[in-house]
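**Q** Using only what follows, build the 3D model:
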Amino acid sequence: MHAIAAGACAVLLCGVCHAQAREIAVDVGHYLDRPGVISAGGIPEFEFNRRLALQVRDALERRGHRVRMIGERGDMRELAARPRAAAGADLFVSIHHDSVRERYLPVAHEFSGYSLFVSRQNPHLERGLACASAIGSAMRAAGFAPSLYHADPERGGNRPFADRDNGVHFYDNLAVARTEVLPALLFEAGVIVNREEEVRLARPETQQAIAAAIAEGVTRCLN
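**A** From the prediction side, this is the model:
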């Protein structure tokens, strides 16, 4: 009788696990021919993005989620094709690393931190914003700080806050975030034109901590 009860419990627990499993599209920002910003140490952003995206994949899979990688081969040129390739997933997360406006490059050491972006043109904004805020909250809990400068019209891009505490901004015309296909957000892990921040972000342990925070935030918001 106890064996039957234990078996039934295991089935119920398994059912709960499957009910909570989601499919996440993890997008590697940029591509080989246009690899994004060049870091202070001369490394293309795409390489940072791909390394972190693979860590995010692993962290999500450890939590039982399915992951659909987008653009990891570096040959996906068309931005609009990325969300289309993710159709049917529960969330689209685009992984990037940040820069500053050209005139601020001489003082790039003054800029640091992560940022998240969502678009008010996305019909699934409520879910996308909830996930962005959850990721930002998990990043803060892990000891990371939001950059905040993107809301500044002079130093940033005048991107208004959607959730200041957690470093989430509105960026309405952002192609991968405004998609109608699914909830979407863009994550900037840190400012790689800041040499000290680049060194930190290149460390496997930093990448793993960021990936774990993303996986925590995604799991929290989708479940």
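**Q** Might you report the residue contacts of the residue positioned nearest the centre of the chain?
**A** The chain has F187 as the residue nearest its centroid, 3.6 Å off, counting by CA atoms, centre = their mean. Taking CB atoms under 8 Å, 6 or more residues apart in numbering, we find F187 in contact with V93, S94, I95, H96, Y114, S115, L116, A132, I135, I214. (Each C-beta comes from the backbone N, C-alpha and C, glycine too.)
**Q** Look up phi and psi at it.
**A** phi -120, psi 120 (degrees, to the nearest 10).
**Q** ok so, going back, output the contacts of F187 in TSV; the columns should cover neighbour count.
**A** TSV is the format used below for the contacts of F187 (neighbours: other CB atoms under 10 Å):
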residue	neighbour count
V93	29
S94	28
I95	28
H96	26
Y114	25
S115	26
L116	30
A132	30
I135	27
I214	30
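**Q** Can you flag which of those residues belong to helices?
**A** A132, I135, I214 (DSSP state H).
**Q** Let me know the closest of those to A25.
**A** Checking those against A25 with CB to CB, the nearest one is I214 at 12.9 Å.
**Q** unless I'm mixing things up, that closest one is touching A138, no?
**A** Yes - assessed by CB atoms under 8 Å, I214 is found in contact with A138 at 7.3 Å.
**Q** joint contacts of the two?
**A** By CB under 8 Å, 6+ apart, no residue touches both I214 and A138.
**Q** I'd like the ones in helices among the contacts of F187 laid out as a markdown table, including pLDDT.
**A** Compiled in a markdown table, these are given as follows (pLDDT from 0 to 100):
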| residue | pLDDT |
| --- | --- |
| A132 | 98 |
| I135 | 98 |
| I214 | 98 |
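**Q** Looking at the residues you listed, which is nearest A40?
**A** Taking those together and measuring to A40 by CB to CB, the closest member is I214, at 23.8 Å.
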